[in-house]
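# What would the 3D arrangement of this be:
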Amino acid sequence: MNRLQARVPRVFLALGGLLLAYCLLPLLCFAPRFSAAWAGGWGSEELRRALFVSAFTATTATFLLAALGIPLAYVLARRDFPGKTFAGLLVQVPLALPPVVSGILLLMTFGPYTALGALAARLGLRLTDSLAGIILAQMFVASPFLVIAARSAFEAVDPELEAVAATLGKSGWETLRRVTLPLAWPGILAGTALCWVRALGEFGATDVMAYHPYSLPVLTWVEFSGSGLSGALPLALVQLSLGAAGLLLAFRFARWRIGPAETGDAPAPAPSGAPRRAGTGGEAARPSFDVRVNLALGDFRLDARFVSRRGRVAVLGPSGSGKSLLLKTLAGLLKPDGGAVSVSGRAVFDSAAGTWVPPERRGFGYVPQNLALFPHMTVWEHVLFAFEPGARDPDAASRALRRLGLEGLWKRTPAQLSYGQQQRVALARALVREPRVLLLDEPFASLDSHLRLRLRRELLGVLSTLDAGVLLVTHDAEEAYELAEEVVVLSAGAVVQHGTREEVFAAPRSPLAAELLGLRNVFSGRVISSGPRGLTIRYQDAALTAPPGSQAPSADVGFFVSPRRLSLRETAEPLATGTVLRGEIESVYPTASGSRLVVAIGEGELREFWEIEEQEAAAGRARGERVNVFVPASAVRVVGA
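Model prediction:
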């Protein structure tokens, strides 16, 4: 596949090429001596012994570093703790020290006259001038190569994958074994190969800690000191070959992509009879939510409270309002500072009672915004992953695939699927265990409008078959109305309105709620009079009429006006059924169904913009034209009335 190539300045190409030439030049200078190196000294017993010493100690050191360094790398990548920055710097200290200095430090730690050296001697161990001394030296100087590479590999694994695994009932250890390690493994292996190469070639620290027995680097120095280049060439060739092999392995591992594991299972045949529904399938009580959450993250505070007895609830709000934080809290991925959360009568968190149910034991299905599909698993493996290893249900997995139209895709990995197919895989994985609650985080946030509409209809068809409760977060008011039965409006971490979708959209309780619900033409005014026939609201220098409400005269109110019920009039004569406002056309812009007018009402600081969607009103109009806007009483609705 062709990729767009960045335009690189020629001076960068020249300077970079110069460094490459400098790295290549010593190898080119060695090439004419290759025959002499190949012919001399290969059969010597001393070389074979040194080769064994280096290979044995480097391999042992690498295994020990892997056993200690991989867990350390994981902790540094995934945990915050006091002193983490210092720990990360401490790992890199050997890179900043000359190897000889490293050897001196090790000698002062493990030498025969130190406490550790004396203790080892009493146990019959010798830590200097021994294989153990070489291993200690190699471990110290090579450790950064493994730990840094492994830490980077762990950090490259999306934490959302681990979060989803937890909601699927996987413990931390099982998530590490089946998700994190397989994805980080190429980077870890590449770091391990580099670690082995560095340990194999260590000279300075080894020379100080264990001059005997000779390792390859030490023997090379001895031969060079005694015989010059001719005696050192065969040893140099051996080490060049081993180093090249190690680097090739590291390069190969770094480019390795883990493919799907063959489970040997195939989707089960369709069972006879009607398809099963998720949930209990019986006359189970409708899911309910009782949420009181207090959570502080930095300067942001989430303080959300609502009670719902509906099956499908949408949390609607703008970006940064705390929607995803609320969903992660319900899933158990974040622990609140206080409050309580109950789902269908079961408490999963209660700060007063000390109740905390971890995510793997909540039995909730969770689909994050990025879907968090495991790159190394096939569609079939995704749905099987939701089960415990000894309790896999191929029939249930097969039903989940068929229900979401994934029958022919079970061998594919996420990279081989369209976004819509990926979304259905994420849903199948979340639903296969028949969860009590399905949590959806912005399921269509990154899609274009056409695909969003189609997938929304598909998702609604799936959700309508569930006995499980559904709670989704979204910033799209139309999406919330179509998918949910109840709507929670969230802003700045607090609930500003909650009710059935019909109640919330028909009667927003504040101008802010009206704007979050996607309502246009939201303004404020003051009540002049209130009676059974309606309200009269002072807006700028006009009096608008509105349906009856509970607001008293002189009360400041917010109101919104339906753009579809506004029209233009030839004259400014007042009408009994509404009010005429004088304004100026600010813009005329096209929409999918025609054109829309934006009319500026008022002057200076009072200037506000009204949208009009009547198609005849936009015909032949131009920016700057003075117009009369007719506002019928039926188009005005007071916020909170």
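
# Look up how far residue 528 lies from residue 340.
When distance is defined by CB to CB, to the nearest Å, residue 340 is 46 Å away from residue 528. Glycine gets a C-beta too; all of them are placed from N, C-alpha and C.

# How about residue 605?
Using CB to CB, we find residue 605 at a distance of 22 Å from residue 528.

# Settle it for me: which of residue 340 and residue 528 has more neighbours?
residue 340 (19 against 15; other CB atoms under 10 Å).

# doesn't that one fall inside a helix?
No - using DSSP: H, G, I helix; E, B strand; the rest coil, the secondary structure at residue 340 is strand, not a helix.

# wait, isn't it in contact with residue 292?
Yes - under the contact definition of CB atoms under 8 Å, residue 340 touches residue 292, with a separation of 5.1 Å.

# any low-confidence regions in the stretch 251-400 of the chain?
255-286, 389-390 (pLDDT under 70).

# need the strands for it, in chain order.
In order along the chain, the stretch 251-400 of the chain carries the following strands (DSSP state E, counting those that start in this stretch): 289-297, 300-308, 312-316, 338-343, 346-350, 355-356, 364-367.

# I'd like the ones you listed as CSV, with distance to residue 28 appended.
Rendered in CSV, the data for the strands of the stretch 251-400 of the chain read as follows (distance: least, CB to CB, whole Å):
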stretch, distance to residue 28
strand 289-297, 57
strand 300-308, 59
strand 312-316, 65
strand 338-343, 68
strand 346-350, 67
strand 355-356, 65
strand 364-367, 57
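
# now for these, which one comes closest to residue 623?
Residue 623 sits nearest to strand 312-316 of all those, at 33.8 Å, using CB to CB.

# For residue 584, the count of nearby residues, please.
By other CB under 10 Å, the residues close to residue 584 number 15.

# swap that for residue 318, sorry
As a burial measure, residue 318 scores 13 neighbours (other CB under 10 Å).

# next one: residue 438
If we define neighbours as other CB under 10 Å, then residue 438 has 23 of them.

# For it, which residues are in contact?
Taking CB atoms under 8 Å, 6 or more residues apart in numbering as the contact definition, residue 438 lies against 364, 365, 366, 367, 430, 431, 463, 466, 468, 469, 470, 471.

# Apply 6 Å and report the result again.
If a contact means CB atoms under 6 Å, 6 or more residues apart in numbering, then residue 438 has 365, 468, 470 as its contacts.

# would you say it is within a helix?
No - Residue 438: not assigned to a helix; according to three-state DSSP it is strand.

# contacting residues around the closest residue to it other than its chain neighbours?
For residue 438, the nearest residue in space outside its immediate sequence neighbours is residue 365; the separation is 4.4 Å by CB to CB, 6 or more residues apart in numbering. With contacts taken as CB under 6 Å, 6+ apart, residue 365 has the following neighbours: 430, 431, 435, 438.

# And the residues you listed, which is closest to residue 322?
Looking at the contacts of residue 365 and their distance to residue 322, the nearest is residue 438, at 20.1 Å (CB to CB).

# Which pLDDT value belongs to the closest one?
In this prediction, residue 438 carries a pLDDT score of 90.
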